[in-house]
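S.K.: This is the structure alone, sequence omitted:
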């Protein structure tokens, strides 16, 4: 429950900061964000600009991080409630626990609708 409250608080804070920065958010920053890409478990490239028109949630996590794993279950509920309107990218950037553990976990959550990427 603590993680949910923290995540919601972070989302609210980011929203407030973003609302203030909208006027100063220049094209260069937007272009950098648009060109950001990830690879899914099958090696397919996912670019953020391909997700235009959808709500995109990016969650950074690791297989060894118990609070991160608990957070995935919250994201599963969000995905279930919002369906096609939202894309959740669960990013495992460091893979400190190894690529095999990442792939096993991602495969176990295949039906969740969450896109597991590196």
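M.R.: Thanks, I have the structure now. Source: prediction; values computed, not measured.
S.K.: where do the strands sit along this protein?
M.R.: Defined through DSSP state E, the strands belonging to the chain, from first to last, are 37-39, 45-47, 55-60, 86-91, 115-117.
S.K.: ok, which stretches of the chain are helices?
M.R.: Read by DSSP state H, the chain holds these helices, from start to end of the chain: 2-21, 27-34, 66-82, 99-108.
S.K.: Mean pLDDT lowest where, among the ones you listed?
M.R.: The stretch with the lowest mean pLDDT among the helices of the chain is helix 2-21, at a mean of 46.
S.K.: for the record, mean pLDDT for stretch 53-65?
M.R.: With pLDDT averaged residue by residue, stretch 53-65 scores 91.
S.K.: and it, how far apart are its ends?
M.R.: Distances were taken as Cα to Cα, to the nearest Å; on that basis the terminal residues of stretch 53-65 are 31 Å apart.
S.K.: Give the buried residues for stretch 56-72.
M.R.: By neighbour count, and taking 16 or more other Cβ atoms under 10 Å as the criterion, the buried residues in stretch 56-72 are 57, 59, 61-63, 68, 71-72. For every residue, glycine as well, the C-beta is placed using N, CA and C.
S.K.: How far away from the center of its chain is that stretch?
M.R.: Distance, stretch centre to chain centre, for stretch 56-72: 9 Å (Cα atoms, centre = their mean, to the nearest Å).
S.K.: coming back round to it: the strands of the chain: which one's closest to residue 100?
M.R.: Closest approach to residue 100 among the strands of the chain (Cβ to Cβ): strand 115-117, 13.5 Å.
S.K.: which helices and strands sit right next to that closest one?
M.R.: Counting by 3 or more Cβ pairs under 8 Å, 6 or more residues apart in numbering; DSSP states H and E, the packing neighbours recorded for strand 115-117 are strand 86-91, helix 99-108.
S.K.: For the first one, give me every contacting residue.
M.R.: Think strand 86-91. Strand 86-91 is contacted by residues 38, 46, 51, 54-61, 72, 75, 78-79, 106, 113-118 when judged by Cβ atoms under 8 Å, 6 or more residues apart in numbering.
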